[in-house]
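[1] Please find the sequence and the predicted model below.
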2 protein chains.
Amino acid sequence: MNFQNLIKEFKKKGYKLTPQRRIILEILSEEKHISAEEIYERIRSSQPNVSFGTVYRNLNILLELGLIKQLDFKDGRTRFELNEGHHHHLICLNCGSAVEIQSCPFSSEVQKAAISQNFSIKSHSFKVYGYCRNCNYKKEKKGDRKGEQRN
Amino acid sequence: MNFQNLIKEFKKKGYKLTPQRRIILEILSEEKHISAEEIYERIRSSQPNVSFGTVYRNLNILLELGLIKQLDFKDGRTRFELNEGHHHHLICLNCGSAVEIQSCPFSSEVQKAAISQNFSIKSHSFKVYGYCRNCNYKKEKKGDRKGEQRN
DNA sequence: CTTCTAAATAGGAATGGTTATAATTTAAGA
DNA sequence: TCTTAAATTATAACCATTCCTATTTAGAAG
């Protein structure tokens, strides 16, 4: 879903289109797995009075509408991205970077397990944790991961 | 790994065996996906002076030793369980309950994707979100999930 | 059994992400 | 242009988790 369609969808549900919302949607359509704080910082560079409340309120609305999904990369903050192109992530335990993988492991076996429990599936999450190309390299070189920065 | 082996493993690594630690290990070997607060409450019923710091410090040590793993059920608190018997979970979005599934979807396709990225895998997480048997039933009956309690 | 000391704990303060509140502003329909 | 429900701002509150420091203790050594 592109930017224009996002806005259309948003208005269709009866929400007002404020400048703040427009920018949040813009940022989300440019950037993957972005955190609330990063969105806040980016809006502030053009609109210095935007508050955290606005960012979180609108992220929660977008979640309810199913337009975005939240990601947990185990770095203490929730991340968000547009809910398009089903995919999963390889997440680096050292630098926090995430790479998309298109391969989805959801199987009929899982489905059977759910059915046998009378469990109705709404979504699933698959995450692979480890060390990325870059951090692997540094580990071999220096044998030290303490000073690294998570970005 | 049973309780006695847990303690053995713990001492082998050079940690002192305090009464607080013994109880935390006891609780973890009795209860699956338990939160720090629940552990705190349960210890307090027999040892009223235990602090949250002690609970969290020891949970983090156990994580480092690989004796427990942390779970995220999207209810705002981290949960923990002994790291034994690889399995995944069906997590109810309404009541927060979790049911183990033995089926693991990790595939050679995922492995290939990781290799092609020079990504070295340490662990993975697979979670299925939806509504459990019980909450499905209530939804059909009442069409209302607002008043439900997450347990 | 005592002494010693590094490690662990208790209690409370601090932190950081997120949510709530209340007064003010505004999008957009009439 | 007027009106008003909805949205925003600024700030306080919340809550899980971590940090700090004085005190206690497990376990090694004598």
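    Nice, I can see it. Numbers count the residues shown, from 1 in each chain, chains lettered A, B, ... in the order given.
[2] Can you report how many residues neighbour A:Leu67?
    For A:Leu67, the neighbour count with other Cβ atoms under 10 Å in any protein chain shown is 19. C-beta coordinates here come from the backbone N, C-alpha and C atoms, glycine included.
[3] Repeat that for A:Arg79.
    Quick note: A:Arg79 (other Cβ under 10 Å) scores 20 neighbours.
[4] cool, and the one 3 residues further on?
    One way to gauge burial is a neighbour count; for A:Leu82, by other Cβ under 10 Å, it gives 19.
[5] what do you get for A:Ser35?
    19.
[6] who's in contact with it?
    A:Ser35 makes contact with A:77-80 under the criterion Cβ atoms under 8 Å, 6 or more residues apart in numbering or on different chains.
[7] ok, those residues vs A:Val55, which is closest?
    A:Phe80 (10.0 Å; Cβ to Cβ).
[8] Near DNA strand D, which residues of chain A? Just list them.
    Selection of chain A residues close to DNA strand D by Cβ under 7 Å from any atom of the strand yields A:15-16, A:18, A:20-21, A:47, A:49-54, A:57-58.
[9] Just the buried ones among the contacts of A:Ser35, please.
    A:79-80 (16 or more other Cβ atoms under 10 Å in any protein chain shown).
[10] Can I get the contacts of A:Ser35 in JSON lines including secondary structure?
    Output for these, formatted as JSON lines (DSSP: H, G, I helix; E, B strand; the rest coil):
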{"residue": "A:Arg77", "secondary structure": "coil"}
{"residue": "A:Thr78", "secondary structure": "strand"}
{"residue": "A:Arg79", "secondary structure": "strand"}
{"residue": "A:Phe80", "secondary structure": "strand"}
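[11] near DNA strand C too, which of the contacts of A:Ser35?
    When contact is defined as Cβ under 7 Å from any atom of the strand, those meet DNA strand C at A:77-78.
[12] Can I get the contacts of A:Ser35 in JSON lines including distance to B:Phe3 and pLDDT?
    Below are these laid out as JSON lines (distance: Cβ to Cβ, whole Å; pLDDT from 0 to 100):
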{"residue": "A:Arg77", "distance to B:Phe3": "36", "pLDDT": "90"}
{"residue": "A:Thr78", "distance to B:Phe3": "36", "pLDDT": "95"}
{"residue": "A:Arg79", "distance to B:Phe3": "38", "pLDDT": "96"}
{"residue": "A:Phe80", "distance to B:Phe3": "41", "pLDDT": "97"}
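[13] Can you add distance to B:Asn5 and give the contacts of A:Ser35 back as CSV?
    Formatted as CSV, the contacts of A:Ser35 follow (distance: Cβ to Cβ, whole Å):
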residue, distance to B:Asn5
A:Arg77, 36
A:Thr78, 37
A:Arg79, 38
A:Phe80, 42
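[14] Just flag the most distant two among the residues of chain A next to DNA strand D.
    A:Tyr15 and A:Asn49 (20.5 Å).
[15] Could you chop chain A up by domain?
    The record's domain split for chain A, according to automatic domain parsing, is A:1-84, A:85-151.
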